[in-house]
Structure formats: structure tokens, C-alpha cells
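K.L.:
Give me the fold of what follows.
(one chain, ligands or ions: 3)
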Amino acid sequence: MRTLIRNGLVVSPQGTQAMDVLVDGETIAALYEPGPQVDQLATSVDRVIDAAGKYVVPGGIDAHTHMELPFGGTFASDTFETGTRAAAWGGTTTIIDFAVQKYGERVQDGLAAWHAKADGNCFIDYGFHQIIGGVDDDSLKAMDELVDEGITSFKLFMAYPGVFYSDDGQILRAMQQARNNGSTIMMHAENGIAIDVLVSQALARGDTAPINHGLTRPWETEEEATHRAIMLARMTGAPLYIVHMSAKQAVNTLQQARDEGLNVFGETCPQYLYLSLEENLGAPGFEGAKWVCSTPLRSREEGHQDELWRYLRTNDLSIVSTDHCPFCMKEQKELGVGDFSKIPNGIGSVEHRMDLIYQGVADGKLSVQRWVELCSTTPARMFGLYPQKGVIAPGSDADIVVYDPNGHTSIGYEKTHHMNMDHSAWEGYEIDGHVDVVMSRGEVLVDDEGFHGSKGRGRYLKRGLSQYLI
Ligand code: URP
Ligand code: ZN
Ligand code: ZN
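P.N.:
Residues are numbered from 1 along each chain as shown. Ligands and ions are numbered 1, 2, ... in the order given. Now for the predicted structure:
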């Protein structure tokens, strides 16, 4: 099957160029300057997609998702089937999900359980990071084995004592291991010990509403943990990637470390760019539970959201992922009625990331090149998928999105929702752009006629090491 995408503007971090793209089978075969020679080619291919007036961008890579994550006595509501289908609808053609090693379990068993959930069920390609829930001699050894299996990044938690938490000694040991095997440490940077005290005190006072989730995780708990993680990375020389950053002070600390030349990186998520403690977590009644996630949404009055957009522009933040971890209100978020600490943590966004960050382009906060860099190219480079993914170039997988900057998308549960949830955390968001065509390895999954993908076509991606190693 040969497809020609004509008359579009191909976008990469380096620039935007009018180019026609020839896809042959699963890969990109060639790029042509538009002209009469392409007219000839157009008559010989199987399919022509007209992208006049539209951007042609590499498929989105969401480097932080949690399909079916066990959390707080329940499971994230998207399966690999429903979650990857929703991702494709929104222009994301690769996810990297987190396999979980629970405390007391062998890392390899945790990974096998994740393959069992994902293999044969995905609509798009997928890879794994590995959560290490119990750092000890065995799990450290397993890290080396996993690198050989294409799992080259390991998430540790400075939060959630008694669940995923690692103490500083464990973090140090895992970082030493990463330094030696070339992998990247991903850090959930919140001071979980301090947070647990604040949570108990709030509940004892009778402060049980969802907003207390944010009030008991003040920015200092994120900034302190970020600083500590950076110092531990500095001692060991391990590359460090701090996930879901929301506090401007924490990113400022990261910025200083980057300016000193340390190999440290930060990720933020759409929820921290748009939503807030006051308007969302503080919504009347139990409504705020929809937006309980960790790190928490921050105060708009304090100006975190604007600062994060700025840090995206200046590359102090390198990637936008979703931390997609959806829960329904009914029977899931509702577990925390009367006790905010029992609300499962997470928001569903995998379907909307490309649109929500494109809105930053429409609003003049980011360039279109930076949008592609944040949502596709850097995730590919950071997590060992480049140039198979993250770029429109000959030889790369034909994961391509045709995006219409003159189109419009109204996000809402009744309108554009495919995630397995009973609400949308993004209800009412209006986007000045539209995902027109989504192609994954040469196959059109989404176009104006609807969805064409099939379950199980997504392949496991054995990842290489980060290209940002020093
Ligand atoms: O609230 C969140 N972030 N839920 C998912 C688990 C995690 O810490 O990433
Ligand atoms: Zn986390
Ligand atoms: Zn997460």
C-alpha cells in the first residue's frame, strides 16, 4: 500500500516546510518538494491524502500513561484496548505505559503482568517503563535485565509511603544501577512522609473535601523532593527525569540544575497548564474529586500555570505527557466521599493532549515546531525511540497526523469522548484546531469517515537508551 500526503506543511523541531510525503507500507519512503513530478507519482499510488492548508506532524508520543493501574483499592478505568483507541482518536500513535512491581513481587513478574494486559489489545504501538516498588538486591539486578528487553527507564516514588515509596538510600542505589546500565530514573518528586502528616492533621480537623488533597501537598513538598532527587542524581551521575511537575518553584530548581549542566529533565501535563486548585479541585461539593491527581493542581493566584507555559518555551521543561490515569466518579472517585485521601489519584487526558497543547500554539504561547518537539520528537529521543518514531523522515515509521489549524474541536463527554470514563475532566474546552487524519505505521486509523483501527495491531516497542545520556 502506497499513500501520498500532498500539499501539507511538514513540521519538525527545526522548521516547517511544504513537502509531499510518500508512505510505502509501514514506513515513510520519501519527501518531495511539491511540483509537477509529484503529479505523476500521485497517479501511481494507492491513496492520496490532501493536506492543503494543514500541518503534517509526527504522531504524538505520550510517554506517561497508566492503563489499568491498581490504585487506592481500584484500577484505572481504561484498559489498553480502550485507552489506546482513545489515544489514536486524539493523534497519539505511541504510548509508554508504566509496568508495576508491587512491593514484595519480583520485577520480572510485574512486567509479565503488564505484557499480559497489553499484548494483543493495543490499537497503537506501546512501550513500557518499569515502576520499582521495592528497591533491593533482586530488583537492582532485574533493572539490568530489563534494559536488555527494551525497558530503559525506571520510575521511583518519593511519595505514597507503604505503597510505592522508596527512601533516599533505595533511590541512591537505584540511581547507581542506572548510571552503570545507561538507563534513566524517572522520579515522582513529592515528600510523601511530610504529606502523610499533613493529610492526617487535615482529616483530624474535619477537612475532608477534595480541595484538601491540594492543600496537604503544598508546593514546598514538590520543590523539596525535586531538590533532593537532583542532589542524589548529582552524586551518582544518573540521568534524572522528573515526572508530572506542577509547582513553578520546583521547575525553577530544575532550571538551576540544568543551567549548571546536570543531566536532569522535567515533564509537565496538560492539567497543570490549564486547570487550578481554586477552580477545579475547589469545585462545589464532591465535584473536585474529578481533578484529584498527584502532584496536585496548583493555585492560579500564585501563577503556576503561566510559569509552566514559559518553562515549556524555554526548554526547562522538555516534554508534555498526560499521566493518563482515569477513574470514573461512580464507584471509583466516590471511594473518597467524606475522606479526600481515599480518592484515587488521576485524570484522563490521553485523547486530548495533542489538541490541548496545540491550543498553546493558537494562543501564541508556543511555536508549532515546539508543539511537535514537546509532544513527539523529544519523547522519542528521551526514551530511545528516535528516529523510528518522532520524526517525518525517510525510513521512520509512518506515524503521521494531519492537523488542521483552521478546524475546531469541542471537547466534552457527549461530543468527543472515547476514554472509558463517566465524565470528562476537560468538559467545555474549545480547541482552535482539529486532528483530521491519524496514521499509524502506514495504516489510517482515523479520518473524516471515523475510526478504522483494529485491536491488537499495536506492537510492543523495545526501546533503546535515551539520546540525552552523557
Ligand atoms: O495522580 C496520579 N499522578 N496518578 C497516577 C500515579 C502517578 O503518580 O503517576
Ligand atoms: Zn507519579
Ligand atoms: Zn503517573
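K.L.:
Verify the stated contact: Ser166 with Phe154.
P.N.:
No - Ser166 lies out of contact with Phe154 (CB atoms under 8 Å); the separation is 10.4 Å. In short, each C-beta sits where N, CA and C put it, glycine included.
K.L.:
contacting residues for the closest residue to ligand 1 within the stretch 351-470 of the chain?
P.N.:
Closest residue of the stretch 351-470 of the chain to ligand 1, CB to the nearest ligand atom: Ala425 (11.6 Å). Residues near Ala425 by CB atoms under 8 Å, 6 or more residues apart in numbering: 271, 275, 290-291, 347-349.
K.L.:
go again using 7 Å as the cut-off
P.N.:
Residues near Ala425 by CB atoms under 7 Å, 6 or more residues apart in numbering: 290-291, 347-349.
K.L.:
Met245 now?
P.N.:
Residues counted as contacts of Met245 (CB under 7 Å, 6+ apart) are 251, 266-268, 295, 317.
K.L.:
Check the secondary structure at it for me.
P.N.:
Following DSSP: H, G, I helix; E, B strand; the rest coil, Met245 is assigned to coil.
K.L.:
Against Leu317, how distant is it?
P.N.:
Separation of Met245 from Leu317 (CB to CB, to the nearest Å): 7 Å.
K.L.:
Now list whatever residues contact both of these two.
P.N.:
With contacts taken as CB under 7 Å, 6+ apart, Met245 and Leu317 have 251, 266-268 as neighbours in common.
K.L.:
Next, give me the two most distant ones among those residues.
P.N.:
Using CB to CB, these reach their maximum pairwise distance at Val251 and Glu267, which is 10.4 Å.
K.L.:
Between these two, which has more neighbouring residues?
P.N.:
Set Val251 next to Glu267 and count neighbours by other CB atoms under 10 Å: Val251 wins out with 27 against 23.
K.L.:
so which helix or strand takes in the more buried one?
P.N.:
Under the criterion of DSSP states H and E, Val251 resides in helix 248-259.
K.L.:
Show me what that helix is packed against.
P.N.:
On a contact count with 3 or more CB pairs under 7 Å, 6 or more residues apart in numbering; DSSP states H and E, helix 248-259 meets helix 219-236, strand 264-268, helix 304-313.
K.L.:
one more time with 10 Å, if that's ok
P.N.:
helix 219-236, strand 240-242, strand 264-268, helix 304-313 (3 or more CB pairs under 10 Å, 6 or more residues apart in numbering; DSSP states H and E).
K.L.:
how about the residue lying closest to Ala118 once chain neighbours are set aside, what does it touch?
P.N.:
Nearest residue to Ala118 in three dimensions, chain neighbours excluded: Phe80, at 4.4 Å (CB to CB, 6 or more residues apart in numbering). Phe80 is in contact with 65, 67-68, 95, 97, 114, 117-124, 126, 455-456, 458, counting by CB atoms under 10 Å, 6 or more residues apart in numbering.
K.L.:
Please flag which of those residues sit within helices.
P.N.:
In this view, the contacts of Phe80 that belong to helices under DSSP state H are 114, 117-118.
K.L.:
Just send the contacts of Ala425 back as a markdown table, with distance to Leu31 too.
P.N.:
Shown next, in a markdown table, are the contacts of Ala425 (distance: CB to CB, whole Å):
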| residue | distance to Leu31 |
| --- | --- |
| Lys290 | 43 |
| Trp291 | 42 |
| Ile347 | 37 |
| Gly348 | 35 |
| Ser349 | 32 |
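K.L.:
For ligand 1, state which of the residues you listed is nearest.
P.N.:
The shortest gap between ligand 1 and any of these belongs to Ile347, at 7.1 Å (CB to the nearest ligand atom).
K.L.:
and that closest one, how many neighbours?
P.N.:
Applying other CB under 10 Å, I find that Ile347 has 23 neighbouring residues.
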